[in-house]
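**Q** I would like the atomic coordinates for the input below:
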Amino acid sequence: MNSKCAPALILLGILSFFPCLYAVTDQELTEKVRQSLAADPALSTVADRVKIKVENGKVNLKGSVDTEQQRLTVEKHATDAAGPGNITDDITIQAARARKHKSQ
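**A** Numbers count the residues shown, from 1 in each chain. Okay, the predicted model is just below:
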C-alpha cells in the first residue's frame with residue numbers, strides 16, 4: 001500500500017464505523033435546502049411556495065413554481081444539499097398563474 005494513501009484510508013475506515021461523525025440531521029438538511037432556495041434570485045418569487053420535508057436524509061419537495069426552469073433549479077439545490085438519488089420532486093408548475101400575474 002502506498003504510504004501517502006494510508007492516512008486517508010484510515011480516516012475512511014473510522015468514518016464508516018462512526019457515520020454520526022459526518023451525518024447531517026434531517027432538520028439541518030431541511031434548513032440547508034431552504035437557505036439555498038432563499039439565496040437564489042431566480043427563485044425569489046417562488047421559494048416560499050416550496051415545501052421541504054426531510055426524513056432519514058431523503059428530501060421530498062412539494063408545492064408549485066411558475067416554470068419548468070424554476071422546478072429544475074429547486075431540484076438542483078436540493079440535490080446539491082442531499083446528494084443524488086435522495087430527492088423526490090412532487091413540485092407542480094403553475095403556468096396559468098404566472099400568465100395571470102404578468103397580465104395584471
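
**Q** From Ala38, how far out is Val74?
**A** Relative to Ala38, Val74 is positioned 11 Å away (Cβ to Cβ, to the nearest Å). Quick note: C-beta positions are derived from backbone N, CA and C, even for glycine.

**Q** Looking at the two now, which is surrounded by more residues?
**A** Residue environment comparison for Val74 versus Ala38 gives the larger neighbour count to Val74, 27 against 12, counting by other Cβ atoms under 10 Å.

**Q** Grab the nearest non-local neighbour of Val74.
**A** Leaving out its chain neighbours, the residue that sits closest to Val74 by Cβ to Cβ, 6 or more residues apart in numbering is Val50, at 5.6 Å.

**Q** what sits against the one you found?
**A** Listed by Cβ atoms under 8 Å, 6 or more residues apart in numbering, the contact set of Val50 reads Leu37, Leu43, Leu61, Lys62, Gly63, Val65, Val74, Ile91.

**Q** Could you tell me how far Gly57 is located from Asp40?
**A** If you measure Gly57 against Asp40 using Cβ to Cβ, the figure is 22 Å.
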